[in-house]
Every structure is written in structure tokens, then in C-alpha cells.
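> need coordinates for the following:
(chains A, B, C, D, E and F, ligands or ions: 12)
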Amino acid sequence: MPTIELNGHTYAVDEDGFLEDPMLWNEQVAADLATTEGIANMTEDQWKLVNYLRHYYLEFGIAPMVRKLCKENGFKLNQVYEMFPSGPAKGACKVAGLPKPTGCV
Amino acid sequence: MPTIELNGHTYAVDEDGFLEDPMLWNEQVAADLATTEGIANMTEDQWKLVNYLRHYYLEFGIAPMVRKLCKENGFKLNQVYEMFPSGPAKGACKVAGLPKPTGCV
Amino acid sequence: MSDERRPTPKLDDLEKGPWPSFVREMKRAAEGSAMADQLLGVLELSYGDRVGHWKHGGVVGVRGYGAGVIGRYSDVPEQFPEVAQFHTMRVNHPAGWFYKTDALRKVCDIWEKHGSGLTNLHGATGDIILLGMKTESLEPVFAELTENGFDLGGSGSVVRTPSCCVGPARCEWACFDTLALTYDLTQHYQDEIHRPSLPYKFKIKASGCPNDCVAAIARADLSIIGTWRDAIDVDQEAVGTYAADGLDVRATVCDRCPSKCMAWDGTSLDIDNSACVRCMHCINVMPKALRPGLERGACILIGGKAPIVSGAMLSSVLVPFMKLEPPYTELKELIGKILELWGDEGKNRERVGEFIQRVGLGSFLEAIGLEPMPEMVKHPRENPYVFYEEYFEEEK
Amino acid sequence: MSDERRPTPKLDDLEKGPWPSFVREMKRAAEGSAMADQLLGVLELSYGDRVGHWKHGGVVGVRGYGAGVIGRYSDVPEQFPEVAQFHTMRVNHPAGWFYKTDALRKVCDIWEKHGSGLTNLHGATGDIILLGMKTESLEPVFAELTENGFDLGGSGSVVRTPSCCVGPARCEWACFDTLALTYDLTQHYQDEIHRPSLPYKFKIKASGCPNDCVAAIARADLSIIGTWRDAIDVDQEAVGTYAADGLDVRATVCDRCPSKCMAWDGTSLDIDNSACVRCMHCINVMPKALRPGLERGACILIGGKAPIVSGAMLSSVLVPFMKLEPPYTELKELIGKILELWGDEGKNRERVGEFIQRVGLGSFLEAIGLEPMPEMVKHPRENPYVFYEEYFEEEK
Amino acid sequence: MPDIAKRKTDIGPPHYEQFLPPIIKANYGKWKYHEIPRPGVLVHVGETGDRLYTVRAGSPRLLSVQTIRQICDLADKYCDGYLRFTSRHNIEFLLTDPAKIDLLIADLATAGFPVGGTGNALSNIVHTQGWIHCHSAATDASGIVKALMDELIGHFTSMDLPGKLRVALACCVNMCGAVHCSDIAILGIHRRPPKINHDRLPKMCELPTVVASCPTAAIRPVRKDGHETVEVAEELCMFCGNCYTVCPAMPLNDPLNDGVSIWVGGKVSNARSEPGFSKLAIPFLPNNPPRWPEVVDAVKKLVDVWAANARPYERMGEWIERIGWPRFFRLTGIEFTKQHIDDFRHAETTFRRSVHVKR
Amino acid sequence: MPDIAKRKTDIGPPHYEQFLPPIIKANYGKWKYHEIPRPGVLVHVGETGDRLYTVRAGSPRLLSVQTIRQICDLADKYCDGYLRFTSRHNIEFLLTDPAKIDLLIADLATAGFPVGGTGNALSNIVHTQGWIHCHSAATDASGIVKALMDELIGHFTSMDLPGKLRVALACCVNMCGAVHCSDIAILGIHRRPPKINHDRLPKMCELPTVVASCPTAAIRPVRKDGHETVEVAEELCMFCGNCYTVCPAMPLNDPLNDGVSIWVGGKVSNARSEPGFSKLAIPFLPNNPPRWPEVVDAVKKLVDVWAANARPYERMGEWIERIGWPRFFRLTGIEFTKQHIDDFRHAETTFRRSVHVKR
Ligand code: SRM
Ligand code: SRM
Ligand code: SRM
Ligand code: SRM
Ligand code: SF4
Ligand code: SF4
Ligand code: SF4
Ligand code: SF4
Ligand code: SF4
Ligand code: SF4
Ligand code: SF4
Ligand code: SF4
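Ligands and ions are numbered 1, 2, ... in the order given. Just a heads-up that it's a prediction; the model follows:
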């Protein structure tokens, strides 16, 4: 399992940069992981999405479907891609510390 | 709902003589209902069967299947008919205060 | 009694018309039976309010048996006290539904004395149905029936009254003796017919040839349908006579053959028996010219039933061909294994066809010791979801 | 590089023989690519230990898209560091897989520069598959592809790269313009192809006639298959020529017609077009004599898919006949309603065919506003379990 | 109480042999061929040349002992007391003297029994109990059959149809009989979910059995007023009645919603096509006693259209298979609806998975 | 980071029109008929009389850029740079000058490309990734295909078969491609339940998704060493791999138990019979690289028996349907086993529900 260093913190991640253990997540981790997505400072909307994902995951044990995510947060799909250029699964879920999505390959 | 009087006790029963409320059963009830089957004094084996049915019903909410009943109590089917001439469903279940079986019509 | 009869205007309308009227039957019976009379009243009531007036179930019977009687109580007993109890008794019919009048009259006498005087000749399973009696009459009727050589049929979770087509008694196509087999099995399973101990009903029906005149494949858990293994017996001259008499042999016979294995050139009928599926069509159309082959027996099928609860099923091939000679050991052993397995493993109210669907036909065969054969299926599996019970493991 | 190459005796064996060898392709690519070289090593390893050496999944991609790249990592990266990352990129092919060599050479150049130099022409869905690249190369390859007029195809829960048969470009039987439609739909659904937002994949394939040369019915959620509504166009003289040239018209054409609606009397071919199911067989056998009718369009079918998870499905008829002319409004509206409904109500990883099975075709039709038609089914229902949403209640 | 040990039990039915007429005993298993000299009359010829004549008479199945005795009188008069019943409940008189056939038929006519049902004809309508005896019935049985046979009797007494026509009726979806495999089937259906008697349910019914009984999992256990009982998710109920069968406190019978559906194209015989199920033609017709005119009209129409269009020996289902269901619906004028499309367990296998569309 | 707003995206594929040779543009939608003058060569004749010649060459599908350039060279030389690929991954050269056909074929032969696959012939084997790229593969794809085509090439380069022969291979039951509807299908299968990595599973997988993924409900949530994880009731597992697809910690790949199964009689076209699924012929053959001799022999045998017995235009499945499965198993010498009998969702619809038994 590789590790990366971000802003001086070291994280165990998989090849795609997903947190090895989703339970080790906190807001600092999110901010650090965001930098791998080219995001230096998370906006309010980005936080909103990340927190939504995080809560959804903790409640249901899964990531929400993309349509649900957009509907419940009032974002259009292209806005999500603007916030997280690699998309909701590869970008937002990673920052939110969710397990790597498999449903979308 | 008709009632019958047996040995001086009055029971609410259905047309087939089954106890209206299975929860009102006790050993006296069993002995009384047994008389409707032509059984003046229940033998040990008859009690064994009745108690088995009763316990099974209380545990699982249903009457056991006939094969199971025979196997688990070590009776042959014809022995059951000797003990309860109208059979396990119409005779033994009635005495054991179970709801009227429907599976076997 | 007739002067007190309530008016039954709706039913009276059904006395008219050319087809024999069941209302007439009820009225005839009503002349001697208050039960039949009140039954008219109940039915008229139903015709008025468009709903039945019988309560659910009822468990009554004769002592020593758990089957043979369908209990029935009215939901309007105050109005119709005579039919407050109105049970039917199922009496096992003689194989092939053959009677001499003296036997039938005996049944009538018993029934007139104790019951409604109404019957069904016969019930859908095949029994003589004695329609409508009081609880108190059950034992007397039963005693008098057995006295006269009749016994009860099945009901509930038992082997049901087996039935069969007229077979060799009056049909040139019977590939085995349907009556002998049916009588033999009925006697063999007396205990299983009278004392419920199975997960659900188990019906046996036997037809002498693929025409299946007793609808075994649709209505029996175990369907025994006659067939043959060798070539169709052709009398070419007789075919010629049919043609001469105006039968279009090509259009009506050859073109309708499901395996398209016949050819008629105007003088001779050529059958490719290796492709024939033994459907009977050509034989049916030209009974004087064609006959089933000589190596005769039956196809044994399993699992037929009506829709409750997982949908209707037709029986499917279990043994493509079995010779059937008394004492029918092979067949009885097979049935024995099926009843044993399904009896032990079947769920309550799970017909054997549903049981097979649940455990898989392959596993079912394994459990009863039959070899899988391609004849049992329309085609092999299409999905790749094959079970294997064991796998290799790395040596440690 | 070749002097350092590990021995690959097993693979070498597959260089022999008359059929063009994929091993030769790998070795060719290996001359210019260390990735291709190490891929040979990985495969030789697999041939030795009989198991693949790729890890599960991998989510990589290009920015702004959620689809088009299949991430892949080696499970033996130490041994084969060059293919530790070995992603494939799916590039949307031109409709009908037509190319000019300059365009194809462009793709080769890009791929030689950044990737393994290995491709699939084409993937099973139809894409140009660029097989094996590192994560760092994704963006550059994508940029150069778009620079040269190519874009990515689908992967994951998107509308997948639509594909079609050669159609009117080179086939006399095309009943609509497969290429134009496919290009139009591909452009129309760019967003849905690149950005996953559906419950699962959604494939569209178009074949110009019932021969279905792109296997749409088996492989597409939405299968568009050309057909016609009027009579088959018969050139009797040309039929005669086929017969004169030795074709047994009755045996090879008429007898094999599935609806048995043709007759050949030696001089004229009679077709009962009202019974014809437009299977193409007679036209296929005698292309010079028969042609599809003139009132042409397509049958729209829904739900085809491979076995995961409830078993394979073939697409089934949704619209028996639809005219297909640009801008294809009717079809697009239909697809739009389907995507909307299934997008909202479908479960994760539930193909539209499985969705329909779950909610019922009748309810599905109601929801997308199509009238039920008997053409949609082989036969009406056999089970009596009919839903009714409402019932009458007694007045209080 | 009678001592059950002493009673006669398990003797089984009478042995059929005692009821076989001598000619049958002599030719048992040795019949050579048969002919149908006229509707309702069969002649079976033995290998020895013996000829057995069968006269088949229609029966309402529901018979009083009085009528059975009347039938016996005729059997005594013409058949030495031998007779049988068929698998479709017709009465068969077994004669050896062809001269007696006409006399018997005349006597039968006087007694009100039509003769027919042989060959390519309509036979008796196999049916069930209906409101006469069953607790499950969504319609009556005998009444519809009588009304229908009054109209269709011409197809019973002649052999003017393309093939055999087997009509059956069952008063509920339990389908006692071979309704599910008939050329035309008339089926009583409920259309309202069970009305639960929460008072009696806990006392009379086994809860686990009730919950397990529902094929669509519409039944869920709940507590109500301190009792364990069940509730039904009504939108999942398709009125199969299986819950009622195991639990009397959940009746489905309902005059406002019960009625009749019509099914076509099933068959049992293996002749030509394989046996197959009947398919839904008309989802619902009202209960309209005593003569159910809507049902009678619908069935008559089906018979007429089939009779006018089918080829010789083409049963209802074989004919429809040849012309295709779209044309069947057009020819009969029946509307194709959502209800016709299967949505039960094997629904997808009924979808048209090809472009082989018959128009 | 590139600014994604500025990038070129969603342009879609190149428009096909720019790749169509002039003769196609001129005759687009106006072709009249075609002929197959020799195996691998088609001629399409336009209404104007224009003639387009297509030369079809077999391809391994896995192509290096070097080889693609070599193909381009040939297309430049003979076809003004126009070429296409088929839906079965063959290469088609589009010529207007018939004189060039022989030259092109000769050049192709030199380059190692056989010409054929037209008409009633074997075409290319459609296949998938196998051990070259996929994580799911129970067998390799390209290797088997190469070994098989080396043996069967004679049926590609000639038109000596009764009908079209479509062979396909998929390396796992996901069945990428139309394996489920092929005349002969070669399918990689696993035969061992997933081996669970309990350490990693709770971290990498969504538990509810994993549990829901299993079609036989073999997967149940459990707690192990304080973690939520799952266990598999192995006797319920039929190795579909759906759990692995959603959860990397449940691999099925296993060298001791993986292998190949053979399926027959599927088809896609609507010609004559309706499209239909392939059916199981041989449940298991071992993975035996590099040439999988057991698989090659089995497929060859199937082709031989079909070719020897089928009528003209009779596809594999149509032939089997005519002779019946019992005879198919006898003729091919394949053993019929428990595995051949369906036991999945619609199993009962595959049972022989008649006595129409072909022996
Ligand atoms: C009397 C009879 C109808 C008739 O008018 O002839 C009949 C009457 C009943 N049948 Fe039946 N069945 C009768 C033959 C059949 C047949 C036909 C056959 O046996 O050939 C079938 C279809 C074949 C089959 O068994 O599947 C049949 C399939 C059912 C079913 C559905 C079983 C299934 O698995 O789908 C039920 C429901 C049940 O068992 O709970 C049922 C249940 C019933 C009950 C007991 C009602 C109930 O829900 O418990 C009916 C009692 C009616 C009454 O009050 O008299 N009856 N039943 C037939 C028996 C007479 C006889 O013994 O000769
Ligand atoms: C590359 C390709 C095979 C090939 O060698 O050509 C392919 C490769 C994969 N397919 Fe596929 N599928 C490919 C065409 C198909 C097809 C054929 C088609 O599209 O016409 C099918 C059958 C039709 C269908 O969609 O049902 C197909 C049915 C599947 C399935 C089963 C889906 C189902 O609902 O049954 C899966 C499993 C999944 O989605 O999780 C799957 C999953 C996969 C995955 C992503 C593996 C996985 O479990 O996630 C494979 C990646 C392999 C790799 O590492 O490169 N692939 N897959 C094909 C796509 C190339 C392209 O874009 O042109
Ligand atoms: C008497 C009876 C057997 C019995 O044991 O009771 C019987 C007797 C004969 N059947 Fe039958 N069948 C009898 C019920 C059946 C049934 C069962 C049913 O209807 O429920 C069937 C299956 C029906 C179905 O497929 O749905 C049946 C399908 C046949 C067939 C096949 C017809 C077809 O084309 O599908 C034949 C052959 C024929 O008539 O050409 C046949 C032929 C015959 C023959 C000709 C056999 C013979 O050589 O003696 C008998 C006279 C038939 C006639 O009426 O023309 N019998 N026959 C039954 C009379 C019932 C009735 O009263 O009408
Ligand atoms: C080029 C191609 C379309 C494309 O866009 O790429 C194509 C082209 C033609 N097909 Fe096809 N078919 C092509 C794939 C298919 C497929 C799909 C597949 O194989 O995956 C099918 C369905 C196969 C199946 O049923 O499993 C297909 C089923 C047919 C049929 C029906 C054959 C049958 O009897 O079932 C015909 C009619 C015929 O050949 O008699 C046909 C006929 C034709 C004709 C004659 C159409 C025409 O008039 O031009 C073309 C030449 C066929 C030939 O090879 O003899 N084409 N054809 C495909 C060539 C694939 C290859 O390289 O071999
Ligand atoms: S099933 Fe066959 S043998 Fe029996 S009566 Fe009918 S035709 Fe004769
Ligand atoms: S019995 Fe049936 S399948 Fe056999 S030849 Fe006669 S018509 Fe054809
Ligand atoms: S599907 Fe029809 S139109 Fe398309 S290439 Fe094949 S034969 Fe031609
Ligand atoms: S297209 Fe097919 S169904 Fe129509 S006439 Fe030709 S062969 Fe027959
Ligand atoms: S069909 Fe239904 S209502 Fe009629 S007798 Fe059978 S169980 Fe009773
Ligand atoms: S009638 Fe059938 S579907 Fe409705 S609740 Fe009862 S068991 Fe369930
Ligand atoms: S068939 Fe299976 S193993 Fe092969 S490429 Fe598709 S998903 Fe991968
Ligand atoms: S492989 Fe399939 S059947 Fe086995 S546990 Fe996984 S999902 Fe279930």
C-alpha cells in the first residue's frame, strides 16, 4: 500500500489516491486530499458536497447515486465537474474519504 | 360463535369444536376437549403428543407438519390415528388448542 | 315440501333452454330433501347479491381417516338451517368410471337416505362427489359405503384419488393398461390417500397415449402418459383409401406433423420415425391406417399443477420411456423415492413441481437416483450459473 | 530492447500457425515500447500459473469526464514496473468503422508516443481501444486525440458508445440510415456518454435490417433494427434464374420460411405478406430477386444485456415500427423518457431490462406513455395474477 | 363411539373389472380402430371384428339421485346395465346392438339429454363448484355453464368445428380442473385485496403461515391493539387468494369487484403442438346472473371467429399461433391492455425477443 | 493543472462521411444487390451499375501501431486510403478496380492476413481481454482464439459450411460480446467461491452493496474481529463474480478451479428462427496454455458434426432443434450431466413439458 505526503501529513492510500481506511478521515484529510484534485482551498459548495457524501456514507454504508447527489444538493452535473474536475466518483468521493467506487467502471 | 359445555366448563368454540381463542388453553381444557374425541382419560402418549403440539405452536406460531410430528415423537402415523381417531389435525390439534388447520383441506 | 318453497326466479330461468339443467336437478332432489331445497334458496340468494354464502374450510371427517370429506358451513345458517352444515364426501370412483347400474343405484340409495340427494358425477379429480351432508351423517354414510364396496377418495395433503383414461377397455391406442395400473396404485397407496402426511396434495393420472384424454400433464403431479419406441405401424393401402375418400393427406396430415417427418407422394406415406415425436396427429386423423408401434410403455412426467402459488406448471419428463407391467415395481419404487424425498424436504403447501424448481431438477434427480437425460429438457441451460459442490484447494 | 527480453516460450508457440498472431503484435510493439515488452512477460507468467495478474478496477480518467478510461494496475508491479499502471482508453470510433488512413495513422502516432503501442480494433462495444498507458499520459493523450478530431467513448454507468452496421453505405438491405442515426445520437448524448449519471450502462446499437449485423438485439439496451411494413419486392424473373442455376427454391427458401408463407410452383414465387414476419431469409438467399419493401423504418427493442446479474436478456419489442428520419425526434423523445424514468427509479447496477422485469412491462409502458400492443409479447399472460390499482368500495 | 379398529377401511374403490361389459372383456386391449358414424356415437372395432357402440350424452354433472336412477334405467334397457362416465363428465352408454342406438337417442332426448361431443366438436364444459359449494368462488360455475351450453349446444350435437373445442370454467384462480390448459377458459377472479378481520385473525390463523403464503410479499406482520396480526400492502396484492386459503380471516369475496376473465389457446393433448397454457383474452367481465350475457357473448364470438378462420384440426391456440396475436385481437375486436402483459415470475420470457412480428 | 473549461471536450467521434470513399457516397442507400465472387470478396452493385469490391481480411484484433500502419499502406496502395473494420473485427478493403483484388490478396498473404469470412463460412472469433488486461478473467482470450483459428482457418478461407458459423469467446461470465448468442461460445468460468480478505473488505467495500450483489443471497453480513465484514454460504455460490465486481476484496480467480465451458446453438440474426441464447454443451475444460488442446478439439468436433449433418442455411442451433438434443449429445459424444439442467430463475421453463421427445 503506497503512502503520500500532503501538506506534511502522511496518508496510506491506494494506487488511485483513495484513503486506505475510510474511518481515518477528518476535515484536514479532506483538505489535504483535495490538493490532489487541484483544489487548494475548498469552497463552501465543495464542502457541502463532501459533507453530504460523508454523511450519506456513514448513514447507509454506500455512496449515493449521482442523480440523487445532484438532486439533493441542488447542483447540476456539470457544476459537480467544475467543482471536482475528475467527477463525483473519482474526485468528490476521494476527498470525502469514501471507499473507491466500483459501480461505475 | 357457538359454545359447548364439557364436564361443567363452557368453551367458546367454532363449528368444528376448535377453541375460539387458542390462548385460553390449559390442561383442563385439553382434557375436556379430548372427550369430544371420545377420549375419557388421556394416556401418557396422548399427553406427549398434545404437549408437543402446544409447545411447537407457542414456539413457531404454526402447527408442525405431520411427518415431523411423527418423527420427533417416535410415533407411526397409524398410532396417531389410534390415539386420536380423527387424526392429528382434526383431533390432536383441537385438543392441544391450536387454531384450526387449513393446510390440509 | 314444494308449497313452502321460496321463489327462485333467477334460478328458474336456468331451467329453460336445451342443455340439461342443474336447477332441474336441484329441484328434483329438493322433492325428497330439505337440504337440497334450502340449497336452492342459498343459490338464489347468491344470484341476487353476487357473492357466495359458504364459510371458509371446516375440518370434519370420518374416524381413522384424515381425508375424504370437505367440511362446509353456511354463513347464513339462520336463514337456511338445513344447510348450516353442508359437507361433501369424496368417494373413490372405479378406474375408468365404469359402472354397473346396481352399484350406482346402491350409492343413490345411501345418499338419498343420509344426504342432500345431490351428486357430482364426477369431481374434477375423478371422485364421486356426494354433495351436502350434516356432520352427524358422516359416519353412517361411510359405514354403508364400505359395506357396499366403496371407499373414500383423497382430500388435503395426501395422494389424491388416481384416475385414468378409458384406455385398453375401449381405445385402440392405449400403450399400457391404464385401468389396471390405476387400480393397482390406488390400492397400493390406500394409507397415503386417507391419512395426510405429505407437504401438500399429490395427484396421479394415467393416459394411455399422448392424446392424454385425462389431462394428466396439466393436472397431475405424477403424469403417466403412454407412448411407444419403435416405428408407427402403417397400412399403406388404408392410407390410400383415406386419400381416395377425399382426405388431403399432405395438407391435413404431413404439413401438420410437428417434426415435418412425413411425406406423401400420392401412393405411399413415408415416415422418418427417427424424427417423429410421437404426437399422435397422423394416427388420430387416419385411425384405420396408422397405429402406435409395438414396443409400448409410458413416459413418466412430474410436477403438473394449477397456479397456486408460484404459477401453473405442466408436468415435465422424468423418465422418457418405461415399460409398465404388473406389479409395476420400477414405477412404485420411483414414486416411493419421490414421496420420501419431497415428504421429508418439501415445505408446507409446496407441490412437488415447486419443490423441484426450488432445489433444482438436477439435484432432485440425484436425490432420487435417476440419471440426467437430455430428454428431460427442452434444451440445456442458457445461463452460466452452474453449481459445483466441491473445489480444489491448494495443498498446505 | 530485445536483448534484455525475458524468454516467453509459451507465447512463442503462438507465433506459429496460419492465423495472424497477437503475440507477433505484442512483439512488434515491444520493439518500441517497454510497456508492451513487459506485457509479454506478464502474459507468459499467466500462461505458466494459469491466472491473471491484474488487480481489481482502478478509477482514473481525464478531467471533466467520468468515463472513457478503464484503470488497471498490476499485481506484480515489482517484477513488471513498466506495466504497474496499465490503463486503457476507449476512443469513440467513427460510425460504421470507416476510416481514411491519415486519420488512423494520426491515432497511431499519438499512441506510439504515449502508450504501449497496442490497440484493439475494435473493442466489443465498438470503441478504438488504446491498450495500456500510465496515469500521467492520460491528459496528454486525450488532448492530442481531441486536437485530431477524436473523443472518448463510454465506460461505467453512462450511455455507451453507440454503434451500427455498415448499413446504406454498403448494403442493399438497410431500411434506414444507420450511420446518420448513430452519429446523430452519439452527438446528442455527449454529456451522457462522458459523465456517469445513470443507474448502470446503457447501450445503443443500430442494425439496418433484421439480419442484425451489429448484434444489437443481444448486446444493446436499446436495439434499433430496420424492417419494413409493406410487401417484399419480388423480381419473378430473377427467381427463375436462381432456380435455373440450381437453387432448390422450395427446399432452401420456402420450407425454411418461419411462417411458411411462401410457395414456389416452378415459375412463380407466391408470398403471403400478411403472414411474413420479415425474417430476411428468402431475401438473403436470393438477393438479386427479392428486396425489402419500400415502406421502411425500424423496430425499436429494449432491454438486451449479458447475464450479470439476473441472467442474460435479449431486447424485446417496444415500438414495432417507427419511421426514422432526421432529426429523429420521436426516437429521441422515447429515449429521453426511458432515461428519465430508469435514471430516477432504477437501482444501482440495474440494467433497464432488469428494471422493466421488476416494475412490469405494462407499468413501464404506462410511465413512458406508450400504448400496450400485442406485438410486444409472444403471447398474453398465462398466469391469472393481474394487478388492478383500484377497486370499488361499498358506499358508506 | 364406534371402535375404529373394527371398521372396514382402506378397501379402495370397487375393482373396475366387475363393471366391464362382456364385449369389453373380450376385446380388452385388442381394439383395432374406431369410427364416428354420427355425432355422439362411436364405434370401436375389435381385432376379431366385434363392434362396440358408444352413445355419449351431455350431462350437467350436478345430478340428483333421481336422475341417476333414470340414467340407470336407460342403461338397463339398452346396455345390460353397463355405462360409464367420461373425463369430461359426459355419460356413455355402451351398446352391442346398433339397432338400439336410435331408440336410445330418442329416449335420451325425451329425458332431456343431448347426444354429441365427439370428434371435432365442443364437448362438455368442465367446471367446478362455484356458489353451490365453495368458499373461494368469485363467480358461479353451473349457471354460466348452463347459459353457455344453451347457446353453443349446436357445436356439441354436430361436428362442425375445425378441431376439438375444450371449454372449461373455474370459479377462482385455484383453477380446479384444466382451465389453465383449455381452448377457452372462463375464470372467476377477485379484484380486491383481502379484507382483514383483525379481531379473529390472531385467533384463527397461524401468523408465519399467513405471511409466507403471499407470493408477492404483500403481507407483513404488525401489532394492532395489542394483538399480533397482519397488514396487506394493497398495491402489491394481485388477488391470488392464497392468504385466504390459509387464513379464514382474510376473505377476498366481494360482490363489487368479483367477476369473470376469459382465456384462450391452451391445450392438453400432444397432438401436433405441445400442451400449453391458456392465455388471457378478456381481463374482466361482470357477474351477471342468471345468464351472464357478457360472458356468453364473448365466448360465442371467440368460437365463431375461430371456426370461421381455422384450418382442419387446428385447435384455438394453434390457429392463433399461426395468425399471430395482433391479428387475433383485431379479428375478435378485443382490446389489448396493460393487463395482458405478464408481470409475474417469468414475465420476461413472454416478451417478443425478436423482430418476428406478425401484424 | 490544465483549466478544464478551456479544453476541447464533447466533440464526439469524427463524422463518418469524411471517411467514405467516393463510390460509397455516390451509391449511398442505392445499392441494388451483392454477390460473393469468391471467399472473402464481396461485390456490391449499385442501381447505376457501379461496382464496389470489398476484400475482407482476418485480424487478431490486438494490433500494434506498426501493423496498423502496414494495413494503411495497403489501403493507400489499393483503395485510395479507404478501409473499414467489421463488427467482428475483420479488416475490409474497399476497391473499385477488380483487377487489383488479386494483387491485394497476394500482398495480404505476404503480410500474414488470410482473406475470407464471407457467406456461409466461419468468421473471426469475437473475443475479449483475458489475461492481457482484465481483472475478472477465468481464462485467456487471445491465446485460445489463436490456437483455434489456426485449426479452423480452412472454414474462414472457404465457404464450405452449411450456414454462417459465429464463434465467440468471453473470459468470464460477464460475457463482454455476444457470447450468449453464438453458434459456438467459449466461456471462462470460475468454480470456487470468492476468497474473502477480511482485513481489507471493510475498508474497500460498501457492505450493503456487497450483500445486495449476490443473486442467490449467499452473502451475509457478519462481524469478525470487531469489524463488519461478510461471509459467503459457499453451497449457495454459483461463481457469478458479481460480488467481486463490486468488491475487490472478494476475488474468484483461482488457477486450480478456473477453466473453460463450451456453449452452442445461439444466434443473433432474425433469419428464419428467432434470435436465441447459446446453451451449455461442455460444462468444463481445463486451462491448458498455450494452445488449450482440449478446447480446440472440442470445438473442432462440434464444427465437424454440424457441418456433416446440417442442411443448407441451417445454423448450429437450428440443426440441433431439428434433430433434438438427445441426438446432439449422442452424435457429439458429449455426456449429459446434472450441470446441463438449468436451475436458475426460469429453470422450469426449460423442462420438457410434453411427451414430444426426440430420441
Ligand atoms: C371438488 C373439486 C372441484 C369440482 O367441482 O370438481 C375441487 C374443489 C376444491 N378445491 Fe380443487 N377441487 C377439485 C379438483 C382440483 C383440480 C383438478 C384435478 O384434481 O384434476 C385442481 C387442479 C390440479 C391441481 O391439483 O393443481 C385443483 C386445484 C386446487 C387448488 C390449487 C392447487 C395448486 O397447487 O395450484 C386448490 C387450493 C388449495 O389446495 O389450497 C384447491 C382447493 C379446493 C377447495 C378444497 C377449496 C379450498 O380453497 O380449500 C375446493 C373445495 C370446494 C368445495 O367446497 O367443494 N383446488 N382442484 C375437485 C375435486 C373433486 C374430486 O375429488 O374429484
Ligand atoms: C473492453 C471490453 C471487452 C473487449 O475486449 O472488447 C469490455 C471489458 C470489460 N467489461 Fe464488458 N467490455 C466490453 C464490451 C462488453 C459487451 C459487448 C458490447 O458492449 O457490445 C458486453 C455485453 C453486452 C452488455 O452490456 O450486456 C459487456 C458486458 C459486461 C458486463 C456484464 C453486464 C451485464 O449487465 O450483464 C460487465 C460487468 C459489469 O458491468 O460490472 C462488464 C465489465 C467489463 C470490465 C469493465 C470488467 C469489470 O468487471 O469491471 C472489463 C474491462 C476489461 C479491461 O480490463 O479492459 N462487461 N461488455 C468491451 C468494451 C470495449 C469497447 O468499449 O468497445
Ligand atoms: C372418452 C374420453 C376418455 C375417457 O376416459 O373418458 C376420450 C375418448 C377418446 N378420445 Fe380423447 N377422450 C376424452 C377426453 C380427452 C381429453 C381431456 C379433456 O378434454 O379434458 C383430451 C385432451 C384435450 C386437450 O387437448 O385439451 C382428449 C384429446 C384427444 C385427442 C387429441 C385432439 C387434438 O387434436 O388435440 C384425440 C384425437 C382425435 O380426436 O383426433 C382423442 C381421441 C379420442 C378417441 C377417438 C380415442 C379412441 O380411439 O377411442 C376417443 C373418442 C373421442 C371423441 O370423443 O371423438 N382425444 N380427449 C374422454 C371424453 C371426454 C368427453 O366427454 O368429451
Ligand atoms: C460487414 C458486416 C456488417 C458490419 O457493419 O461490419 C456484415 C455484412 C454483411 N452481412 Fe452480416 N455482417 C456482419 C456481421 C453480422 C452479424 C453480427 C456478428 O456476427 O456478430 C450477424 C448476426 C450473426 C448471428 O446471427 O449470430 C450477421 C448476420 C447476417 C446474415 C444472417 C445469417 C443467418 O443465416 O443467420 C446475413 C444474410 C446472409 O449472409 O445470408 C448477413 C448478410 C450480410 C451481407 C451479405 C449484407 C449485404 O448485403 O451486404 C454482408 C456481407 C456478409 C458476408 O460476410 O457474407 N449478415 N452479420 C459484419 C461482418 C462481420 C464479419 O467480419 O464477419
Ligand atoms: S389417452 Fe389415448 S389411449 Fe387413452 S383414451 Fe385417449 S386416445 Fe385412447
Ligand atoms: S406421430 Fe406426430 S410427429 Fe410422428 S409422424 Fe405422426 S404427426 Fe409426425
Ligand atoms: S444488418 Fe442488414 S442492413 Fe445492416 S449490414 Fe447487415 S444485412 Fe445490411
Ligand atoms: S422474409 Fe422470412 S418470413 Fe418473410 S417470406 Fe421471406 S422467409 Fe418468409
Ligand atoms: S376453482 Fe376455486 S372456487 Fe371453484 S371449486 Fe376450486 S377452489 Fe373452489
Ligand atoms: S391475495 Fe395473494 S397477493 Fe393478495 S395479499 Fe393475499 S396472498 Fe398476497
Ligand atoms: S468477459 Fe469478463 S474477463 Fe473478459 S473482458 Fe469482459 S469482464 Fe473482463
Ligand atoms: S460469486 Fe456470485 S453467487 Fe458467489 S457469492 Fe459472489 S455474488 Fe454470490
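> C-alpha from now on. contacts and neighbour counts both.
OK.
> contacting residues around residue C:93?
By CA atoms under 8 Å, 6 or more residues apart in numbering or on different chains, the contact set of residue C:93 is C:126, C:127, C:128, C:153, E:13, E:14.
> just those residues: which are in strands?
Residues of the contacts of residue C:93 located in strands (DSSP state E): residue C:128.
> now, which of the contacts of residue C:93 sits nearest residue B:18?
Top of the list for closeness to residue B:18, among the contacts of residue C:93 and by CA to CA, is residue C:153 at 24.9 Å.
> counting neighbours, what do you get for that closest one?
Using other CA atoms under 10 Å in any protein chain shown, the number of residues around residue C:153 comes to 29.
> tell me the spacing between it and residue B:84.
Noted for residue C:153: a distance of 21 Å to residue B:84, by CA to CA, to the nearest Å.
> need the helices for the stretch 51-200 of chain C, in chain order.
Using DSSP state H, counting those that start in this stretch, the helices of the stretch 51-200 of chain C run over residues C:101-114, C:138-147, C:178-188, C:190-194.
> direction included, what does the following helix or strand past the shortest one pair up with?
Downstream of helix C:190-194, the next assigned helix or strand under DSSP states H and E is strand C:204-207. Strand partners for strand C:204-207, identified by DSSP bridges, are recorded as strand C:163-164 (parallel), strand C:222-228 (parallel).
> what about the helices in chain A?
Taking DSSP state H to define them, one finds helices in chain A at A:27-36, A:44-60, A:66-73, A:77-83, A:87, A:93-95.
> right, so of the ones you listed, which gets closest to ligand 12?
Closest approach to ligand 12 among those (CA to the nearest ligand atom): helix A:44-60, 20.2 Å.
> how far is the helix or strand of chain A with the lowest mean pLDDT from where the chain is centred?
Least confident helix or strand, chain A: strand A:3-6 with a mean of 89, by mean pLDDT, DSSP states H and E. Offset of strand A:3-6 from its chain centre (CA atoms, centre = their mean, to the nearest Å): 16 Å.
> same check on stretch E:59-75?
Mean-position distance between stretch E:59-75 and its chain equals 21 Å (CA atoms, centre = their mean).
> what's the burial count for the residue of chain C found nearest ligand 7?
Nearest residue of chain C to ligand 7: residue C:382, at 24.9 Å (CA to the nearest ligand atom). Neighbour count for residue C:382, taken as other CA under 10 Å: 27.
> residue C:200 touches residue C:156, doesn't it?
Yes. Here residue C:200 reaches residue C:156: they are 6.9 Å apart, a contact under CA atoms under 8 Å.
> give the contact list for the closest residue to residue C:138 other than its chain neighbours.
Spatially, and ignoring its direct neighbours in sequence, residue C:138 is nearest to residue C:62 (6.2 Å; CA to CA, 6 or more residues apart in numbering or on different chains). By CA under 8 Å, 6+ apart, the contact list for residue C:62 reads B:86, C:69, C:138, C:139, C:142.
> gap between the residue of chain C closest to ligand 7 and ligand 9?
Using CA to the nearest ligand atom, to the nearest Å, we find residue C:382 at a distance of 36 Å from ligand 9.
> how about that residue, what does it touch?
Contacts for residue C:382 (CA under 8 Å, 6+ apart) come out as F:180, F:277, F:278, F:279, F:280, F:342.
> which one of those residues has the most neighbours?
Most neighbours among the contacts of residue C:382, by other CA under 10 Å: residue F:180, with 38 neighbours.
> and the residue of chain C closest to ligand 7, helix, strand or coil?
Following DSSP: H, G, I helix; E, B strand; the rest coil, we place residue C:382 in the coil state.
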